[in-house]
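Asker: coords please:
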Amino acid sequence: MAEIVILDGMAAAGELAADAILAIVAAKPDAVLGLATGSTPLAVYRALAAREADLSRVRGFALDEYVGLPEGHPESYRSVITRDVVEPLGLDPALVRVPGHDGPIQTAGDDYERAIRAAGGVDLQILGIGTDGHIGFNEPGSSFESLTRVKTLTQQTRNDNARFFDSIDEVPVNCITQGLGTIRRARHLVLLAFGAGKAEAIAAAVEGPVTASAPGSAIQLHPHVTVLVDEAAASALANVDYYRYAWANKPDWEAL
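Answerer: Just a heads-up that it's a prediction; the model follows:
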């Protein structure tokens, strides 16, 4: 089962995730990270930036990207990754890929899958979760074996993301995303969620049935998952007392 860690807030979660990432990089300076965008993972990137570690050899693969935004649009995930991750952490831009930016969109999914395999796979994948349970842009109904592909966003996801645009009409309808099967190949999944608005999605992902109706529940099929949540996001969990007990009694030698 996933390791569920309930923390005081975003900053504490970011520090724990940064610890896990830096432990991997210490052993493997050219480690491969799966990079999520949005507000949730910012705590991780801020914690890493504050450590001032040498991440210049780290390779990165973004989870997803909008389809249809003009080149250089400030809310394209290429721009967001550059602004929030590459520049603050001192990553080499040439080593960080975003799906859909290296050729025709018709073959972008297959191209991205080949690039991930050629890099040796993702060592640690950072994840957020949508209010409808999506991870990446894998909306409800996505196959657990799906690979990187073009998808259509639900209206709920477009509404959730409208805060980043001037209006809902500017939010793209289509995207390209790593599939649930792609995500599950990463060696360690670190899922973060904050706020009461994510409580039901977290409960479904961690404790609900494994179903395509709740894409986040795919994490239950993975052998190494860490879920970092604040009190509000943990509020719908049934086994919260056990999660607290297990974390308090975690062996000192056992890594996150």
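
Asker: distance of the closest residue to Leu55 other than its chain neighbours relative to Val171?
Answerer: Residue nearest to Leu55 in three dimensions, not counting chain neighbours: Leu89, with 5.1 Å by Cβ to Cβ, 6 or more residues apart in numbering. Just so you know, the C-beta spots here come from the backbone N, C-alpha and C atoms, and that holds for glycine as well. Distance of Leu89 to Val171, given as Cβ to Cβ, to the nearest Å: 27 Å.

Asker: can you check Gly136 too?
Answerer: Using Cβ to Cβ, we find Gly136 at a distance of 17 Å from Val171.

Asker: the two - which one has more neighbours?
Answerer: Gly136 (29 against 21; other Cβ atoms under 10 Å).

Asker: tell me the contacts of the more buried one?
Answerer: Each residue near Gly136 by Cβ atoms under 8 Å, 6 or more residues apart in numbering is listed here: 63-64, 127, 177-180, 183.

Asker: kindly report the same for Met1.
Answerer: Going by Cβ under 8 Å, 6+ apart, Met1 touches Gln220.

Asker: pLDDT of the helix ranked longest in the chain, averaged?
Answerer: With DSSP state H setting the assignment, residue counts place helix 10-27 as the longest helix in the chain. For helix 10-27, mean pLDDT is 98.

Asker: quick revisit: test my guess that the residue nearest to Leu55 contacts Ala47.
Answerer: No - here Leu89 does not reach Ala47: they are 10.4 Å apart, not a contact under Cβ atoms under 8 Å.

Asker: quick one, strands of this protein?
Answerer: Here the chain has its strands, by DSSP state E, at 3-7, 32-35, 59-62, 64-67, 96-97, 124-127, 149-152, 174-177, 189-193, 225-230.

Asker: looking at these, which is closest to Ser142?
Answerer: Closest of these to Ser142 is strand 149-152, at 7.6 Å (criterion: Cβ to Cβ).

Asker: so how far is the closest one off the chain centroid?
Answerer: 17 Å (Cα atoms, centre = their mean, to the nearest Å).

Asker: buried ones in it?
Answerer: By 16 or more other Cβ atoms under 10 Å, the buried positions in strand 149-152 come out as 149-151.

Asker: contacting residues for Gly156?
Answerer: Gly isn't right for residue 156; it's Gln. 130-132.

Asker: in the stretch 151-256 of the chain, which spans are helices?
Answerer: 155-161, 180-184, 199-207, 240-248 (DSSP state H, counting those that start in this stretch).

Asker: could you pull out the buried residues of the last one?
Answerer: By that I understand helix 240-248. Using 16+ other Cβ under 10 Å as the test for burial, helix 240-248 gives 240, 243.

Asker: distance of the residue nearest to Glu231 when sequence neighbours are not counted from Gly72?
Answerer: Leaving aside its sequence neighbours, Glu231 sits nearest to Ile6 (Cβ to Cβ, 6+ apart; 6.4 Å). According to Cβ to Cβ, Ile6 and Gly72 sit 40 Å apart.
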